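# Sharing a model prediction with you, sequence too.
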Amino acid sequence: MANQDAEAARAYHEATKLTYINLANKPPLYKTYSALPLIPLPPGFPSPETP
């Protein structure tokens, strides 16, 4: 990699990097589909086993 290419990569990184994480503005953990009907789980649905 030429030195010129490394400088371009550093400039791109500086221009696009995140400066901080705003924990109050986190995205949701799961996608919700509000236009679709809910599908209830059957009674006695087993819990996932933890390793």
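Perfect, thanks for sending it.
# Count the residues that sit near Ser47.
For Ser47, the neighbour count with other Cβ atoms under 10 Å is 5. No exception for glycine: its C-beta is placed from N, CA and C like everyone else's.
# if I look at it, how far off is Ala8?
51 Å (Cβ to Cβ, to the nearest Å).
# for the protein, what spans make up the helices?
3-16 (DSSP state H).
# Provide the backbone phi and psi angles at the residue positioned nearest the centre of it.
For the chain, Pro27 is the residue whose C-alpha lies nearest the centre (Cα atoms, centre = their mean; 7.3 Å). Backbone geometry at Pro27, expressed as degrees, to the nearest 10, gives phi -70, psi 160.
# same check, this time on the one 3 residues further on
In terms of degrees, to the nearest 10, the main-chain angles of Tyr30 are phi -130, psi 150.
# need the contact list for it.
With contact set as Cβ atoms under 8 Å, 6 or more residues apart in numbering, Tyr30 has no partners.
# give me the number of residues near Pro40?
When neighbours are counted by other Cβ under 10 Å, Pro40 registers 7.
# Check Lys31 too.
6.
# any idea of the pLDDT on it?
pLDDT, Lys31: 91.
# Against Tyr12, how distant is it?
To Tyr12, Lys31 is 30 Å away according to Cβ to Cβ.
# Same question for Pro43.
Relative to Tyr12, and taking Cβ to Cβ, Pro43 is found at 54 Å.
# and if you look at Leu41?
47 Å.
# which of these two has more neighbours?
Between Leu41 and Tyr12, counted using other Cβ under 10 Å, Tyr12 has the larger neighbour count: 10 against 6.
# Okay, that one and Ser47: tell me how far apart.
46 Å.
# Over to Ala6?
For Ala6 relative to Ser47 (Cβ to Cβ), the value is 51 Å.
# One more: Leu36?
25 Å.
# With Glu7 instead?
Look at Glu7 and Ser47: by Cβ to Cβ, they are 54 Å apart.
# Okay, buried residues for stretch 28-42 please.
For stretch 28-42, the neighbour count (16 or more other Cβ atoms under 10 Å) marks no residue as buried.
# Distance from the chain centre to it, please.
Offset of stretch 28-42 from its chain centre (Cα atoms, centre = their mean, to the nearest Å): 19 Å.
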